[in-house]
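> Need the 3D shape of this:
(4 chains)
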2 protein chains.
Amino acid sequence: MATIYEVSKLAGVSLATVSRVMNNNANVSDTTRKKVTLAMEELGYRPNSIAQSLASNCSNSAGLLVSELKGPFYGPMMSGIENTLRNQGKHVIITAGHSDAEREQQGIEFLISRNCDALILHVEAVSDEYLIKLSKGKTPFVLLNRHIPELADRCIILDNVKGGYLATKYILDSGHKNIAYISGPLWKKDAQERLNGHKQALAEHAIEFNENSLYEGDFIEDSGYEGFSALYKNNPAITALVCANDEMATGAMVSAREHGIELPAQLSIIGYDNVFFTRHVYPPLSTINYPIDEMGKVAAQWVLSHVYQKSVQPIQTLFEPELVIRQSVVNIT
Amino acid sequence: MATIYEVSKLAGVSLATVSRVMNNNANVSDTTRKKVTLAMEELGYRPNSIAQSLASNCSNSAGLLVSELKGPFYGPMMSGIENTLRNQGKHVIITAGHSDAEREQQGIEFLISRNCDALILHVEAVSDEYLIKLSKGKTPFVLLNRHIPELADRCIILDNVKGGYLATKYILDSGHKNIAYISGPLWKKDAQERLNGHKQALAEHAIEFNENSLYEGDFIEDSGYEGFSALYKNNPAITALVCANDEMATGAMVSAREHGIELPAQLSIIGYDNVFFTRHVYPPLSTINYPIDEMGKVAAQWVLSHVYQKSVQPIQTLFEPELVIRQSVVNIT
DNA sequence: GCTATAAATGTAAGCGCTTACATTTGGTGT
DNA sequence: ACACCAAATGTAAGCGCTTACATTTATAGC
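Numbers count the residues shown, from 1 in each chain, chains lettered A, B, ... in the order given. Model (predicted):
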């Protein structure tokens, strides 16, 4: 691979001049610019961005840490981020944290050591203290789906309590009284918040929350399957199930049908996230919309404005969940 | 951020020694090693991997180019790759090509200029010639889901003709004779191959392929929706629809139901890819399994063995599609 | 034609590391 | 006590760029 040095020789100019035409800002006469451009083309020259980063201390790329690369939730998020960043000529380095504190930390450190100009983090396991300490460092970052009061201005979040509330309220308004809940892992804040919203709705309708009708899943389909079996064995009289995400809801559907339960007639189910396939499960799943692609875009815009000085409208940090009604919940009043 | 220089001063040794303990291979006495380690911890030292790359010409990271970051197909692929690479201490830089020649090329060049030690490419738009030329360069790469005879040993592919054949044969064996087909964009080889498999099965059953019962979609749900409408208007007598991927199949299902067609009784549908949500659509979709996560892993192993000398069993480059029977196809004999 | 000033270009010192080669140290065998 | 050799450590030259600063060249005003 040709280097800047060879280009300069071919063009008969100095290194600095070549560098100047590359970063086409400085004063370079048209004639030399042309000479250099020609030489670059002739050699098929591509700047080595590693060397550029090292010298300029700017890599034109942002680091993105997500929990998983697969799954219907992260795809749209990554996609939204990559698109808006790429449109401005910035690149994205993606890594996965697997909801594990150590791996998340490793990932963050990798991204920093890779000279990322900024980080977009969807972290779950790492502690608030760690992030606060990180914020004192020189690499700026935004947080997706995580609220830390000290870092509030860089937290882009959904009102999960409200979402949880909305889901259960809808079930309640449909006349259900015997309601079970499959939560996410309760060490995760969002899981906790959704559950709190659930309890809040229950309280408002003077229905007592019962520990026995709660199953703690892990946001993955299988735990929805297991969860429903356990819940149903414990109390076959339930008429509605609220799940802390769509994947568990679909798992629960499978289990319910295996128990000979007719959906939605005998059991109403509601999910959370409005992941793209919810329209296609049977019955089409009612759920809570989580505008994760939008939120990803906003995160990318934060980076653009805070790090690359691209002017951008002020950024929305709190997003509102919305009830999406399809056919998995039935009115039994 | 502390540099190697500060560490060496604190530990009272030379730069080279610090570097040696970092790459813990050379001969370093235990005592100095300890001194250095201590100094590193005290300073919270993290090596700057950009500088490492530049100096060593090895970045310990592989570049991955996919068409889209979202969608049910790429997630498992990226995930499989990231996992196996990360287990060996290698990192992954992901970028998206959006099935567009220019963007794919840009992405490849970015990855190369980022000093990736190897590339894993899922490219669709870029030409064979470009890739052959690329293979002469110094960055090794594997191709996923693309067959180029000249580069056969580094192409990890599925037998798409066979997959297409299997799908249609199953439909045919179920007694259908009036069959429509929604293909992917026909400039994509895999779309073409699947269609060829379809025609082959038809020919074998002495059924004539009819251009009017072919709709060229784009592998995206909406085109399945549009496709079915068009096909049905053209010929309301069809009893079966084979789709070149699952997303278009689900789109077609929506459309079919909007036309008042009862599924699967009045219309059998089969998809392709066996994307994770196919089990949950209604009716559960019969499809062709595409072991993309496995193939991603194999690609990662290729990189591990060819670039990092990790010994690994010889690599499987041709994968077999398999028929997955669920409930969306009905026997009408 | 000569100086003052701006524009264009060049020079060279890093950025933070790795690594070939040189030097020092310490342990053997005699 | 000496030479000898391997192990441990140090020295310094890059890797391919950017950029402050120095120098040269062109332009204008008088």
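
> Every contact and neighbour count from this point should use C-alpha atoms.
Fine.

> mind checking pLDDT for A:Lys310?
A:Lys310 carries a pLDDT value of 69.

> swap that for A:Thr250, sorry
With respect to pLDDT, A:Thr250 scores 94.

> That one contacts A:Glu221, doesn't it?
Yes. Under the criterion of CA atoms under 8 Å, A:Thr250 makes contact with A:Glu221 at 6.6 Å.

> Comparing those two, which shows the higher neighbour count?
A:Thr250 (30 against 20; other CA atoms under 10 Å in any protein chain shown).

> Against A:Ala26, how distant is the more buried one?
For A:Thr250, the distance to A:Ala26 equals 58 Å [CA to CA, to the nearest Å].

> low pLDDT regions in chain A?
A:310-313 (pLDDT under 70).

> which parts of it sit against DNA strand C?
Within chain A, the positions near DNA strand C by CA under 7 Å from any atom of the strand are A:12-17, A:26-29, A:31-33, A:51, A:54-56.

> and with 6 Å instead?
Applying CA under 6 Å from any atom of the strand, one finds that chain A approaches DNA strand C through A:Val13, A:Ser14, A:Leu15, A:Ala16, A:Thr17, A:Asn27, A:Val28, A:Ser29, A:Thr32, A:Leu54, A:Ala55.

> ok, of those, which come out buried?
Using 16 or more other CA atoms under 10 Å in any protein chain shown as the burial test, the residues of chain A next to DNA strand C include A:Thr17, A:Thr32, A:Leu54 as buried.

> for the closest residue to DNA strand D within the stretch 101-250 of chain A, what are its contacts?
Using CA to the nearest atom of the strand, A:Asn115 is the residue of the stretch 101-250 of chain A that sits closest to DNA strand D, at 13.0 Å. Contacts of A:Asn115 were listed using CA atoms under 8 Å, 6 or more residues apart in numbering or on different chains, and they are A:Ser53, A:Asn57, A:Cys58, A:Ser59, B:Asn48, B:Ser49, B:Ile50.

> The same query, at a cut-off of 7 Å, please.
A:Cys58, A:Ser59, B:Ile50 (CA atoms under 7 Å, 6 or more residues apart in numbering or on different chains).

> Can you tell me which residues in chain A are near DNA strand D?
Neighbours of DNA strand D within chain A, by CA under 6 Å from any atom of the strand: A:3-5, A:15-16, A:19-20, A:46-48, A:51-52, A:54-56.

> Just the buried residues out of those, in ChimeraX syntax.
Selection of buried members from the residues of chain A next to DNA strand D for ChimeraX, criterion 16+ other CA under 10 Å:
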select /A:4,19,46,47,48,51,52,54
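
> Nearest to DNA strand C among the residues of chain A next to DNA strand D?
Distance ranking of those against DNA strand C, using CA to the nearest atom of the strand, places A:Ala55 first at 3.2 Å.

> Who are the contact partners of the closest one?
Not one residue lies near A:Ala55 by CA under 7 Å, 6+ apart.

> Look up phi and psi at it.
phi -80, psi -40 (degrees, to the nearest 10).

> same thing with A:Cys243?
Main-chain dihedrals, A:Cys243, degrees, to the nearest 10: phi -120, psi 150.

> Tell me what it is bridged to.
A:Ile182 (DSSP bridges).

> what number of residues lie near it?
A:Cys243 has 34 neighbours, counted by other CA under 10 Å.

> right, and it touches A:Ser183 too?
Yes. Checked against CA atoms under 7 Å, the pair A:Cys243 and A:Ser183 is within contact range at 6.2 Å.

> Which residue ranges make up each domain of chain A?
A:4-47, A:60-158+A:292-320, A:160-290 (automatic domain parsing).

> ends of the second one, how far apart?
So the one you mean is domain A:60-158+A:292-320. 32 Å.

> cool, and the first one?
In domain A:4-47, first residue to last residue: 7 Å (CA to CA).

> same check, this time on stretch A:50-61
11 Å.

> got the phi/psi numbers for A:Leu318?
Main-chain dihedrals, A:Leu318, degrees, to the nearest 10: phi -110, psi 120.

> Dig out what it forms beta bridges with.
Taking DSSP bridges as the rule, A:Leu318 bridges to A:Ile157.

> any idea how far it lies from chain B?
The gap separating A:Leu318 from chain B is 23 Å, by CA to the nearest CA, to the nearest Å.

> I figured that residue hits A:Cys155, correct?
No. Assessed by CA under 7 Å, A:Leu318 is found out of contact with A:Cys155, at 8.2 Å.

> more neighbours, those two?
Of the pair A:Leu318 and A:Cys155, A:Cys155 is the one with more neighbours under other CA under 10 Å, namely 22 against 14.

> quick one: contacts for the more buried one?
Residues in contact with A:Cys155 (CA under 7 Å, 6+ apart) are A:Val142, A:Leu143, A:Leu144, A:Arg146, A:His147, A:Thr317.

> any chance of the domains of chain A in CSV, with distance to B:Glu204 too?
Output for the domains of chain A, formatted as CSV (distance: least, CA to CA, whole Å):
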stretch, distance to B:Glu204
domain A:4-47, 51
domain A:60-158+A:292-320, 39
domain A:160-290, 34
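
> what about stretch A:212-225, start to end distance?
Taking CA to CA, stretch A:212-225 runs 17 Å from one end to the other.

> what does that stretch rub up against?
For stretch A:212-225, the external contacting residues (CA under 7 Å, 6+ apart) are A:180-185, A:227, A:231, A:245, A:247-252, A:254-255.

> Which of those are buried, as a PyMOL select command?
Applying 16+ other CA under 10 Å to the contacts of stretch A:212-225, the buried members can be selected in PyMOL as follows:
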select buried, chain A and resi 180+181+182+183+184+185+227+231+245+247+248+249+250+251+252+254+255
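
> Out of the contacts of stretch A:212-225, list just those in strands.
Residues of these located in strands (DSSP state E): A:Ala180, A:Tyr181, A:Ile182, A:Ser183.

> From those, pick the one nearest DNA strand C.
Once CA to the nearest atom of the strand is applied, the member of these that ends up nearest DNA strand C is A:Ser183, at 43.6 Å.

> need the contact list for whichever residue of the stretch 151-300 of chain A sits closest to DNA strand D.
Closest residue of the stretch 151-300 of chain A to DNA strand D, CA to the nearest atom of the strand: A:Ala300 (23.1 Å). Listed by CA under 7 Å, 6+ apart, the contact set of A:Ala300 reads A:Ile81, A:Thr84, A:Leu85.

> any idea which of these has the most stuff around it?
Neighbour counts for these, by other CA under 10 Å, peak at A:Ile81, which reaches 25 neighbours.
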